[in-house]
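[1] Prediction below, plus the sequence it came from.
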Amino acid sequence: MNLIQPLDDIQWQTLIQHTAAYFNDLTVKRGFQYYKQGRVSSLQLYESGHIEAVVEGRETYHVDLVPGSLDDSRCTCPVRKSCKHMVAVLLDAAGKQGRSVHALVNAHSTNLIRFGELTSTEHGASPYSAHTAANRQAATLANFKEQANRLSEMPISDWHKLFGQCTTALGVNTLNSLYSRNALEAIFRIKPALSGVMDVLFELHARLFVLERLVRQPQSHNTGSGLFMGYHVQIAADDIQKDIEQHFASGHFSIPVETEHSQRMSETLTYLRDKMLTEARNHSFFSNIYNQLWVYGIHSNERDTQLYSEELDHLKSAEAELGNAYSRSAGMLAQSLMHFFLSEDQKAWELLRSADKGLYIQPEQLIHFLDVLSQDQDWTRLTGWLTEIGPLLASYRNHNLNSYMAYWDQAIQQLPQAEQSLWDTLVDMLPYSKDIYQETLLAHGKWQQWMDFQLSTGKEPLEFRVSVLQPIEKHAPELLLPFFHQAVERYILQKNRASYKAAVKLLKRLSKLYKKMKQEDRWDTFITAFAGRHSRLRALQEELRRGKLIS
């Protein structure tokens, strides 16, 4: 949908429906006030379909609006999305097209009438029988709510069937963030008054149902191959997964197993286990959620090793039951987690090494182990797991190792003798750990090791910010001398004006170093010999004079 061109009637009605679905009625009304007050300026329409504009609110906000995909729109205000500033820009753009601004402002009531017309028409009634359609819709909703009141008597599979009925009207042709939001709204509309574990399970399964719809694999799909997912579907699925993980991390999805609802909990585990073990190998949505459930939802409440042993048995038998649909790497990762909870670290490590050969383990799935040990303050095991997991993380060249290093800091603070294991592990992870290795050397004042690393890799002093070298200049300036001297000689060998200027820049820093070390005589002897040795390089001699290194 591109507002740079006039919209036809179908496109216009679609935009009205999208407006009602994306913005709540109060936001639309507030955006209308901003539009009437002339707060929108610098409006630009692009061929790509984007609309950019400035809106004056409490501050000046910049809006990037995508009418064809409102969920991809952004605003610099604190709300960021679905805000009144976006509405104001949308109304301004529609007005400039000659369309009725009031039709968008009344999008919610217009959309309700249109839904009634479509429902009536589908049943052969007059398209103007909106009232009859609304009554039918209310009766359907009441029926869904009546069924939802019996959730405690229904198996989890029937929950999902009910969720499917609630979302049937949405269709599944356009899977994106708008679909997932509307689906969740439809499901929560029938939610009865629940408490405790039942409330948590409803919240969790509502999201799991929508996630399954988004990432559902075709019937012919082979688990051993990757599964292509469109950009907007990927964004929507990522958002659902992050939402679930945030609920686990906050403790909202903490679920005691031994309750009167233990059967529902068992069914939940069965559901997640099945989805996790049959997931496409290039996706880990259900695998991550399975791990989150055990780490934050169950383990935080349970210390009964029998529970983990039983789950291990289920995982081992699943391979034979699922056949070709079984994801071996996901199964090994899940089994390693159970061995971890049983304190069988060697078995867990063997499984992780085997699973890692296919490179299907995500770094976040490895960090779970460290988080549990940190929470349990088991520093000895944490050190062992840090040593084991480091080389596995090194497989991910672009992964940020800062979170991994934070656990090392905790372990060393409690067990100073573990520091040597840190250095051995970081060396084993080279070259992928080179950035964090250098930062850690500096943080621990390992000046000599840091300098040896730079000399061995051929790094140039001018590649570093002055602030990086300042601690060494302060504590061990003599270590910088060979670093600078070798770099100067490399620049001279290039024999061009730019390299001579770089050499002189380093020589001036060398002069300051010798002065700091109170070895000015040594510097004078060196620079005199240096200038004489390169007396035939006229351009270099000129740069030395400009730098006031020689007269």
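    Cool, the structure landed.
[2] per-domain residue ranges of the chain.
    9-105, 154-214+238-301, 456-546 (automatic domain parsing).
[3] Tell me how far the longest one lies from the chain's centre.
    Between the mean C-alpha point of domain 154-214+238-301 and the mean C-alpha point of its chain there is a distance of 19 Å (CA atoms, centre = their mean, to the nearest Å).
[4] still on that earlier bit, figure out which of the domains of the chain is closest to Y437.
    domain 456-546 (10.9 Å; CB to CB). (Glycine included, C-beta is placed from N, CA and C.)
[5] So what would you say the end-to-end distance of the closest one is?
    32 Å (CA to CA, to the nearest Å).
[6] From here on, call the first residue 285.
    All right, first residue 285 from here; so that's domain 740-830.
[7] so how far is it off the chain centroid?
    44 Å.
[8] avg pLDDT for that domain?
    When pLDDT is averaged over domain 740-830, the result is 93.
[9] returning to that earlier point: need the domains of the chain in a markdown table (columns: distance to L666 and mean neighbour count).
    A markdown table is the format used below for the domains of the chain (distance: least, CB to CB, whole Å; neighbours: other CB atoms under 10 Å):
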| stretch | distance to L666 | mean neighbour count |
| --- | --- | --- |
| domain 293-389 | 37 | 18 |
| domain 438-498+522-585 | 15 | 18 |
| domain 740-830 | 29 | 14 |
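[10] Let's have those in TSV, adding distance to P675.
    As requested, those are exported to TSV (distance: least, CB to CB, whole Å):
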stretch	distance to P675
domain 293-389	39
domain 438-498+522-585	20
domain 740-830	20
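[11] right, and those domains - which one's nearest H623?
    The nearest among the domains of the chain, by CB to CB, is domain 438-498+522-585 at 12.2 Å.
[12] Please save the CA atoms from stretch 462-472 in CSV.
    The C-alpha trace of stretch 462-472 is given here as CSV (Å, rounded to 0.1, in the frame of the first residue of the first chain):
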residue,chain,number,x,y,z
LEU,A,462,-0.7,-7.8,13.4
TYR,A,463,-2.0,-11.3,13.1
SER,A,464,-0.3,-12.4,16.3
ARG,A,465,-1.6,-9.4,18.2
ASN,A,466,-5.2,-9.9,16.9
ALA,A,467,-5.0,-13.6,17.7
LEU,A,468,-3.9,-13.0,21.3
GLU,A,469,-6.7,-10.4,21.7
ALA,A,470,-9.3,-12.9,20.4
ILE,A,471,-8.0,-15.6,22.8
PHE,A,472,-7.8,-13.4,25.9
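[13] which residues are in contact with that stretch?
    The set of residues external to stretch 462-472 that reach it, using CB atoms under 8 Å, 6 or more residues apart in numbering, is 302, 305-306, 353-355, 447, 450-451, 453-454, 456, 490-491, 493-494, 497-498, 520, 523-524.
[14] Give me the mean pLDDT for that stretch.
    88.
[15] What about I720, how many residues nearby?
    Residues near I720, counting by other CB atoms under 10 Å, number 18.
[16] ok, and the closest non-adjacent residue to K380?
    L327 (7.4 Å; CB to CB, 6 or more residues apart in numbering).
[17] Show me where the stretch 485-634 of the chain has its helices.
    515-533, 546-561, 569-576, 589-606, 612-625, 629-640 (DSSP state H, counting those that start in this stretch).
[18] Which helix or strand in the chain has the lowest average pLDDT?
    helix 391-406 (a mean of 48; mean pLDDT, DSSP states H and E).
[19] Following element in sequence after it, please.
    Proceeding N to C from helix 391-406, the next assigned helix or strand is helix 414-432, under DSSP states H and E.
[20] Show me what that next one is packed up against.
    Judged by 3 or more CB pairs under 8 Å, 6 or more residues apart in numbering; DSSP states H and E, the packing partners of helix 414-432 are helix 391-406, helix 440-450.
[21] gap between it and the chain center?
    That offset, for helix 414-432, works out to 39 Å (CA atoms, centre = their mean).
[22] what's the average pLDDT for it?
    For helix 414-432, the per-residue pLDDT averages 76.
[23] That helix vs helix 440-450, what angle?
    170 degrees (axes from the mean of the first three to the mean of the last three CA atoms, to 10 degrees).
[24] how much space between E551 and P439?
    6 Å (CB to CB, to the nearest Å).
[25] Identify the contacts common to these two.
    Joint contacts of E551 and P439 (CB under 8 Å, 6+ apart) do not exist.
[26] got any ranges where the stretch 485-634 of the chain has weak pLDDT?
    Along the stretch 485-634 of the chain, the model assigns pLDDT under 70 to residues 501-512, 541-543, 583-588.
[27] so M482 sits right up against R548, yeah?
    Yes: using CB atoms under 8 Å, M482 is in contact with R548, at 7.4 Å.
[28] can you give me the helices in the stretch 635-784 of the chain?
    647-660, 663-677, 686-698, 703-712, 718-727, 731-741, 750-759, 764-778, 781-800.
[29] Please tabulate those helices in CSV and include distance to F570 as additional columns.
    Converted to CSV, those look like this (distance: least, CB to CB, whole Å):
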stretch, distance to F570
helix 647-660, 12
helix 663-677, 21
helix 686-698, 23
helix 703-712, 31
helix 718-727, 31
helix 731-741, 42
helix 750-759, 43
helix 764-778, 51
helix 781-800, 54
